[in-house]
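J.: How does the following fold in three dimensions:
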Amino acid sequence: MAAATELFARRGYEATSVQEIVATAEVTKGALYHWFGSKSELLTSIYRDLLAEQTRRLREIVEGAGPVEERIHAAARDVVEHTAEHLDELTVWARSTHLLDDEHAEATRRERRRYHELLRDLVAEGQRAGAVRTDVSATVVTHTFLSALGNIHTWFHPSGPLSFAEVGEQLVALFVGGLRAPIGRADAGHDQ
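T.: Reported below is the predicted structural model:
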């Protein structure tokens, strides 16, 4: 998986052959096909393993002790840190997900939806506790934050003026700061 990730990140999923993957990994095609039924399944596995780890980490934060606003902040920071740790894998996924067959794509969408729901439910908990604004849907809040991170590969450059850690801190500050209820506005109190 490491060899495939590196090649997909550098050359692109479509431009990388199975032969190049097995040569880089120093295994046979038989060994690759023992573990993965196809190149598409290999791509899916890269992301699904990452998503499983990220979901486990988020679940620990959501179910942890402490005030909801602290858990929301911890969850946002963890998403950013996990993204920084796995930028190549997430970039490969973002650039190649449209190439998956229906079976692999649907299974991955279900797992991603569960992850989104965990974060959305934490935001909704904050809304019920009065710690988070209710004039914006917990669903909209969640998708906006995760979409911003999911598209970071399209504009972030390590040679730019900010490090990934600095960009991440700013994203967390925007997310957490944007959750505060606006002063003097009535909340609509809805979600979808």
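J.: CA atoms for contacts and neighbours, from now on please.
T.: Will do.
J.: Output the helix or strand bottoming out on mean pLDDT in the chain as CSV, restricted to C-alpha atoms.
T.: Counting by mean pLDDT, DSSP states H and E, the chain has its least confident helix or strand at helix 87-96, which shows a mean of 82. Taking Å, rounded to 0.1, in the frame of the first residue of the first chain, the C-alpha atoms of helix 87-96 are listed here in CSV:
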residue,chain,number,x,y,z
LEU,A,87,-1.7,14.3,3.0
ASP,A,88,-0.4,12.0,0.2
GLU,A,89,-3.0,9.3,0.8
LEU,A,90,-5.8,11.9,1.0
THR,A,91,-4.6,13.7,-2.1
VAL,A,92,-4.5,10.4,-4.0
TRP,A,93,-8.0,9.7,-2.8
ALA,A,94,-9.4,13.1,-3.7
ARG,A,95,-7.8,13.0,-7.2
SER,A,96,-8.9,9.4,-8.0
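J.: Would you map the helices across this protein?
T.: 2-11, 18-25, 29-35, 39-62, 68-85, 87-96, 102-128, 138-150, 164-178 (DSSP state H).
J.: got a list of what residue 25 touches?
T.: By C-alpha atoms under 8 Å, 6 or more residues apart in numbering, residue 25 lies in contact with 2-4.
J.: try residue 120
T.: 138-139, 141-142 are the contacts of residue 120 under C-alpha under 8 Å, 6+ apart.
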